[in-house]
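# sharing a model that was predicted from the sequence below.
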Amino acid sequence: MEHVAAGLPLHRLQLSQQGAQPFPLLIPTKTADLAGTDIRLPLRWAAVDAKGLLNWRPKDPATVRPVFTDALTAREHLNVGAACELLAVFNAQDKILESFWAMGRRQALRQLQQCAFLAATGPTFSVSTLTTAGTLLPRAHNVVMQLRHHRVLQELQEAGLMTIPNLYWEDYRGQQEWVAWLKANPSISVISRDFTRTRSQREFTEKLDGLLTLLSAVGRPFHVLLVGAGPAHAPSTLFRLAEAGFTGSIITSDPILKASHGQRYERSAYGRLASTSCVESSIVSLSVHNLRLLEELLFEAVAGTQIADQVRRNLLPIGFHEEDIPSRLASSKAA
């Protein structure tokens, strides 16, 4: 009962996304992997996952990494400019999220908000029917994990972060609970769906079908943060969202990770992305190239759809200077 009491039932969760920020088609993670290059990636948005945010230890409470103490240090660590907005994505393995749950979360979340993080997604505590050994998982486990997710959402909002629910469910009843909750919280226009552990094409399609069914049942526009949907699925996924009248952002580490391994994106004969070895190029040039090519492919995927005029780029045009981007502070003052 203690585990249940620590969480929060979905029907008691109330969130507001008044003035929700417009998110671009592509938001990269792992930008900190470019450490030592002295680059500032030309981005309007960058994301950081739980592993990048936290120092975690098995069976001990996590702590926020020391680099996230102020906005300047955080952005320097992430190799982005002073105008880049930051998104905290609390997707991680269960052992990391257990350490996160055990920490002083309220203080940690306030710390992130104070050092340039504007928004955050709910944590991906596991919900499954089977254990890793293939045995049935008690339903009580899934209930507790979802109660934890809802509690963290409340804490994110209290910390002043734009709070983005991570929609996940075990069965039809759980799906319908989200439909009812979204109808009861009409200001919610941005949601998240995690595909990080989705390996097969069939599983990915089923997961996306379930999401589209859920959002269509609510009956209003949504922007979906698609976490872990890599280049192989990204264009078709955004196209399917667009067909249904929804916009989306692909949140992926792939362009940066490929660059760190000397891999350069190229278009195949069929217009799809492939990667080739290009060890003679620097990780910086490969990262920017990979980001631009993937973003271009995503734009092409939704071109001509009903939401085409709503999509936004993340990467700044070549030759564009950072000082030309109004910062959040400057924008708020002007307002």
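Great, that's in hand.
# all helices of the stretch 51-200 of the chain, in order?
Remark: helices assigned in the stretch 51-200 of the chain by DSSP state H, counting those that start in this stretch are 71-78, 94-102, 105-114, 139-158, 172-184.
# need the CA coordinates for the third one. PDB is fine.
The reference is to helix 105-114. C-alpha atoms of helix 105-114 as PDB (Å, rounded to 0.1, in the frame of the first residue of the first chain):
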ATOM      1  CA  ARG A 105      12.800  14.800  -7.100                       C
ATOM      2  CA  ARG A 106      11.100  18.100  -6.400                       C
ATOM      3  CA  GLN A 107      14.400  19.900  -5.700                       C
ATOM      4  CA  ALA A 108      16.000  18.200  -8.700                       C
ATOM      5  CA  LEU A 109      13.300  19.300 -11.000                       C
ATOM      6  CA  ARG A 110      13.400  22.900  -9.800                       C
ATOM      7  CA  GLN A 111      17.100  22.800 -10.400                       C
ATOM      8  CA  LEU A 112      16.600  21.700 -14.000                       C
ATOM      9  CA  GLN A 113      14.000  24.400 -14.500                       C
ATOM     10  CA  GLN A 114      16.400  27.000 -13.200                       C
END
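# tell me the mean pLDDT for it?
Average pLDDT, helix 105-114: 96.
# could you check the angle helix 71-78 makes with that helix?
Relative orientation of helix 105-114 versus helix 71-78 (axes from the mean of the first three to the mean of the last three CA atoms, to 10 degrees): 90 degrees.
# ok, residues contacting helix 105-114?
Contact with helix 105-114 is made by 53, 62-64, 68-71, 88, 120, 152, 155-156, 158-161, as judged by CB atoms under 8 Å, 6 or more residues apart in numbering. Heads up, the C-betas are built off the backbone N, CA and C, glycines and all.
# give me the helix or strand of this protein that scores worst on average pLDDT.
When each helix and strand of the chain is scored by mean pLDDT, DSSP states H and E, helix 328-334 comes last, with a mean of 34.
# closest one to residue 218 among the helices of the stretch 51-200 of the chain?
With CB to CB, the closest approach to residue 218 among the helices of the stretch 51-200 of the chain belongs to helix 172-184: 4.6 Å.
# mean neighbour count added to the helices of the stretch 51-200 of the chain, as JSON lines?
Below are the helices of the stretch 51-200 of the chain laid out as JSON lines (neighbours: other CB atoms under 10 Å):
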{"stretch": "helix 71-78", "mean neighbour count": "18"}
{"stretch": "helix 94-102", "mean neighbour count": "18"}
{"stretch": "helix 105-114", "mean neighbour count": "17"}
{"stretch": "helix 139-158", "mean neighbour count": "19"}
{"stretch": "helix 172-184", "mean neighbour count": "15"}
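# would you tell me which of the ones you listed gets closest to residue 276?
Of the helices of the stretch 51-200 of the chain, nearest to residue 276 by CB to CB is helix 71-78, at 27.2 Å.
# and the closest one, what does it pack onto?
Helices and strands touching helix 71-78, by 3 or more CB pairs under 8 Å, 6 or more residues apart in numbering; DSSP states H and E, are strand 85-89.
# ok, and for the strand it packs on, which residues are buried?
By neighbour count on 16 or more other CB atoms under 10 Å, the buried set for strand 85-89 is 85, 86, 87, 88, 89.
# same check on stretch 222-242?
By neighbour count on 16+ other CB under 10 Å, the buried set for stretch 222-242 is 222-231, 233-235, 237-242.
# quick one: mean pLDDT for it?
Rounded mean pLDDT across stretch 222-242 is 95.
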